[in-house]
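Student: fold the following and give me the result.
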Amino acid sequence: MTLAADFFFRPARREDAETVFNITKASIGGLAGTSYSPNQIENWMGERTPAFYEELIANGRTTVCLRGGAMVGFVDAEPGEVTRLFILPEAAGVCSRSV
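Tutor: Below you'll find the model as predicted:
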């Protein structure tokens with residue numbers, strides 16, 4: 001049984017940008033692949049690059065989630081709205097209790 005305490009959250013840092021980009025790509029491909037066509041998934045990623053995420057991180061509204069020292073997800077938000085929330089497919093649904 002995996003508990004919520006296994007997870008650690010911290011503000012994203014500039015050097016996290018490539019990992020955040022890779023998590024987005026893996027999450028979209030792995031979790032949305034059965035609901036969206038390959039073309040829709042490609043369009044969803046658009047022309048995003050790690051530099052796109054560096055800019056988001058610089059805004060100070062991105063938080064990353066680590067499990068066992070490895071980044072498994074992130075959330076980007078502005079007051080009143082979650083703008084992005086992505087998690088690696090293998091980490092989705094593993095938390096068995098609320099924080």
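Student: pretty sure residue 47 sits in a strand.
Tutor: No. Counting by DSSP: H, G, I helix; E, B strand; the rest coil, residue 47 falls outside a strand, being coil.
Student: what's the lengthiest strand in the chain packed up against?
Tutor: When the chain is parsed with DSSP state E, its longest strand is strand 70-78. For strand 70-78, the elements it packs on are helix 17-31, strand 62-67, strand 81-87, judged by 3 or more Cβ pairs under 8 Å, 6 or more residues apart in numbering; DSSP states H and E. Where C-beta positions appear, they are placed from N, C-alpha and C, glycine not excepted.
Student: repeat the analysis, applying 6 Å as the threshold.
Tutor: strand 62-67, strand 81-87 (3 or more Cβ pairs under 6 Å, 6 or more residues apart in numbering; DSSP states H and E).
Student: which of those sits most buried?
Tutor: strand 62-67 (a mean of 18; mean count of other Cβ atoms under 10 Å).
Student: in space, what's closest to residue 54 - neighbours in sequence excluded?
Tutor: Leaving aside its chain neighbours, residue 54 sits nearest to residue 17 (4.2 Å; criterion: Cβ to Cβ, 6 or more residues apart in numbering).
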